[in-house]
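> Pasted the sequence and its predicted model underneath.
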Number of protein chains: 2
Amino acid sequence: MPATLASIAADLGISRTTVSNAYNHPDQLSPALRRRILSYAESRGYAGPNPHARSLRTQHTDTLGVVLTEHLSFAFEDRASVDFLAGVADSSEYALTLIPTGVSVHDAIVDGVIVYSVPENAQMLLDAKTRNLPLVICDQPTNVPDVPFVGIDDAAAIAPAAEALVANGHRRIGILAKRLFSTPTNGFVAPADLDAADLHLQRARICGALEVFKAAGLRDVPVVTRDQNDLAAATDGARELLETHPELTAVLCTTDSMALGVIEYCRGRRAIPEELSVTGFDGIGVPGLTTVEQPNRRKGEVAAMLVRSLIEGRPQRREKTLLPTRFLPGTSVAPAPAD
Amino acid sequence: MPATLASIAADLGISRTTVSNAYNHPDQLSPALRRRILSYAESRGYAGPNPHARSLRTQHTDTLGVVLTEHLSFAFEDRASVDFLAGVADSSEYALTLIPTGVSVHDAIVDGVIVYSVPENAQMLLDAKTRNLPLVICDQPTNVPDVPFVGIDDAAAIAPAAEALVANGHRRIGILAKRLFSTPTNGFVAPADLDAADLHLQRARICGALEVFKAAGLRDVPVVTRDQNDLAAATDGARELLETHPELTAVLCTTDSMALGVIEYCRGRRAIPEELSVTGFDGIGVPGLTTVEQPNRRKGEVAAMLVRSLIEGRPQRREKTLLPTRFLPGTSVAPAPAD
DNA sequence: CTGTTAGCGCTTTCAG
DNA sequence: CTGAAAGCGCTAACAG
């Protein structure tokens, strides 16, 4: 049977505490004894205190949990979330456990949890709260009381893109967005349905843009959404929007990937920006795209800092941290064509 | 004080087993009683069995560990390792714990470990072995006995790139590689030093290329290495190689990033491929680069499958899994210029 | 510097 | 369907 701290102590005729100290408090015993213990332990193939037992005793593990979308691999395929994770990883000595939405947070052996961009009322949010685990939300949901939040002001952030369109004389503008609901839905979204959206982030971007358009006197701005953020879905969304509304002279997208879809759909159909202006959101490096850059990595850094404060019992600064974004003018917006 | 399984049982006047069963074996008690337990637990803010205690008892956690380079964020900045992680994540229901090299594997609460591309004799390798934790190595080290390995045959994989150079009449070829030693070293590497390299992967690629060159009768092929794989380091490596050996007509690189450095250095100096041919390795999508594509994601999938087999006590198929690679001819190799 | 004591919170036979 | 017993392996006072 494998050696344990107790068996090592017994074999050596000393107490468990001393063996424990050999690993955890080297200053609490003579170097000679410590060496003796360690070398005997090694000879017995004992690798040090069992981490399960240790964590039960100490109730901590030096591990941070990050809750991500159902399929972990999505997280690695999306540039924004990879950057976010890099930020989290970089700013702590903690190990990082990636928790798929499917796995209950209840079972995760972590000292604290960062929830990254999930629907309002997601189960794992409730779970983390009932476990009373230090918890920080990144991106969404945006309105959970008593939980520190880090993200951006999506509504304000997208405004400059909308304004660029308006300033260029566009009056017939459409919006192409990622899904607003955790239950899959594709197609046109009525303004009345926006309130019910449980994906706060997309809603905020759409509303931010609509606000600008409304202030400019535009009405009946069509909004199309797609469940997926990939090129195929985006292209199809662009098709639906532009086939139904051929009169549009500009499309505001809530992600760069969506803008890529518009560009793809327009290939061979309409010249960008001469015949159609396009804006994106994210700043993932689409050449020439007029977009808004957001600090994904920084989000991760701040989120990690916040959970660590919570875990280590340091006082919180503020409930909500909104990071700055930057409007990135490109060459995908041109003056509206004269009729 | 927070509720525990025992306190819930006591409050309800039933045994701990029954409460435990309510969570773990719903079929072992009446639905009515189960409901009663669960709802009382909820009212007491009890979130279910404490995972630390549970894991001590059961000795497992449904979590896979992945050991990566010292700084976790490197893993997220490198395309290959992100793809690898996507593969790991995708092919299991396990949560994924990323363990920085700094953190001892001894302390990680995981059911098994995948070690990704570390030096021979890395401490965590020994640690994982003494802990007797299910263990799989990806990429390197390549020669650890009794530990399942997944990777590619680097020496054979790079051969076609070397052969392409030879076939195009090149006789004065240099090699630009990533570092061979875990202790930082930059500059020229003598053939004799290759044997001592503890970074097996780079060594295998270099040796694979040298073999081809030797078979073609080439001698004294200069090899330059750089610690970092980023553009600045690669560009500087290219500079060192080509300034010292202006006679070279081709550079074989052991990574695409290194090839990018050669391209960068040559900008405005030498035309590629007319005046200098270049090859890479990895297939990260450098336009026009003649390179070798390797299955990073697949590595992750296989590695995950292997640890899971180990964890779940299923028999192993083979010790070493070598995945296929593919030579990707580009436009960066041209016939050697006539003298 | 060393040992004693007292759990951490849970699961799992096994017998009713 | 329920309960009693027996730890899982460790750490943290505290007293010597």
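In hand now; what should we look at?

> Is A:V150 in a helix, a strand, or coil?
Here A:V150 is strand, with the state taken from DSSP: H, G, I helix; E, B strand; the rest coil.

> try the one 5 residues further on
The local conformation at A:A155, judged by three-state DSSP, is helix.

> Excluding sequence neighbours, find me the nearest residue to it.
Excluding the flanking residues, the one nearest A:A155 by C-beta to C-beta, 6 or more residues apart in numbering or on different chains is A:G208, at 3.1 Å. Using the backbone N, CA and C atoms, a C-beta is placed for each residue, glycine as well.

> give me the element that neighbour is part of.
Following DSSP states H and E, one finds A:G208 within helix A:200-215.

> Next secondary structure element downstream of that helix?
Next along the chain after helix A:200-215, taking DSSP H and E as the criterion, comes strand A:223-226.

> Neighbouring strands - and their directions - for that next one?
The strands beside strand A:223-226 in its sheet (DSSP bridges) come out as strand A:173-178 (parallel), strand A:187-188 (antiparallel).

> mind listing what A:L68 touches?
A:74-75, A:81, A:98-101, A:116 (C-beta atoms under 8 Å, 6 or more residues apart in numbering or on different chains).

> got it, and A:R226?
A:R226 neighbours (C-beta under 8 Å, 6+ apart): A:176-179, A:186, A:233-234, A:236-237, A:258, A:261.

> Please list only the buried members of these.
Among those, the ones that count as buried by 16 or more other C-beta atoms under 10 Å in any protein chain shown are A:176-179, A:233-234, A:236-237, A:258, A:261.

> Could you export the helix holding A:G208 as PDB, CA atoms only?
In PDB, the C-alpha atoms belonging to helix A:200-215 read as follows (Å, rounded to 0.1, in the frame of the first residue of the first chain):
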ATOM      1  CA  HIS A 200     -27.000  41.200 -22.200                       C
ATOM      2  CA  LEU A 201     -23.900  42.000 -24.100                       C
ATOM      3  CA  GLN A 202     -25.400  41.800 -27.600                       C
ATOM      4  CA  ARG A 203     -28.400  43.600 -26.400                       C
ATOM      5  CA  ALA A 204     -26.300  46.500 -25.100                       C
ATOM      6  CA  ARG A 205     -24.500  46.800 -28.400                       C
ATOM      7  CA  ILE A 206     -27.700  46.800 -30.400                       C
ATOM      8  CA  CYS A 207     -29.400  49.300 -28.100                       C
ATOM      9  CA  GLY A 208     -26.300  51.500 -28.000                       C
ATOM     10  CA  ALA A 209     -26.400  51.700 -31.800                       C
ATOM     11  CA  LEU A 210     -30.200  52.100 -32.000                       C
ATOM     12  CA  GLU A 211     -29.900  55.000 -29.600                       C
ATOM     13  CA  VAL A 212     -27.600  56.800 -31.900                       C
ATOM     14  CA  PHE A 213     -29.800  56.100 -34.900                       C
ATOM     15  CA  LYS A 214     -32.800  57.300 -33.100                       C
ATOM     16  CA  ALA A 215     -31.200  60.500 -32.100                       C
END
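
> which parts of chain A sit against DNA strand C?
Neighbours of DNA strand C within chain A, by C-beta under 7 Å from any atom of the strand: A:13-18, A:21, A:27-31, A:33, A:53, A:56-57, A:59.

> Go through stretch A:187-196 and flag the buried ones.
Quick answer for stretch A:187-196 (16+ other C-beta under 10 Å): A:V189.

> Next, the buried residues of the helix or strand bottoming out on mean pLDDT in chain A.
Every helix and strand in chain A was compared by mean pLDDT, DSSP states H and E; the lowest is helix A:123-130, with a mean of 81. Under the neighbour-count criterion of 16+ other C-beta under 10 Å, helix A:123-130 has A:124-125, A:127-130 buried.

> That helix close to chain B?
Yes - using C-beta under 8 Å from any C-beta of the partner chain, helix A:123-130 comes into contact with chain B via A:127, A:130.

> do the same with stretch A:294-305
No - Stretch A:294-305 does not reach chain B (C-beta under 8 Å from any C-beta); its nearest approach is 8.5 Å.

> what residues does that stretch touch?
A:64, A:79-81, A:83-92, A:94, A:114, A:116, A:136, A:138-139, A:150-152, A:157, A:281-283, A:321, A:323-325.

> With adjacent residues omitted, what lies nearest to whichever residue of the stretch 151-300 of chain A sits closest to DNA strand C?
Using C-beta to the nearest atom of the strand, the closest approach of the stretch 151-300 of chain A to DNA strand C is made by A:S182 at 29.6 Å. Among residues not flanking A:S182 along the chain, A:P119 sits closest, at 3.8 Å (C-beta to C-beta, 6+ apart).

> Pretty sure the one you found sits against A:T183.
No - counting by C-beta atoms under 8 Å, A:P119 sits too far from A:T183 to count as a contact (9.1 Å).

> Now rank the contacts of A:L68 by neighbours and give me the top one.
Within the contacts of A:L68, most neighbours by other C-beta atoms under 10 Å in any protein chain shown means A:L98, with 28 neighbours.

> what pairs with that residue across the strands?
A:V66, B:L96.

> now A:T279
A:L252, A:T290.
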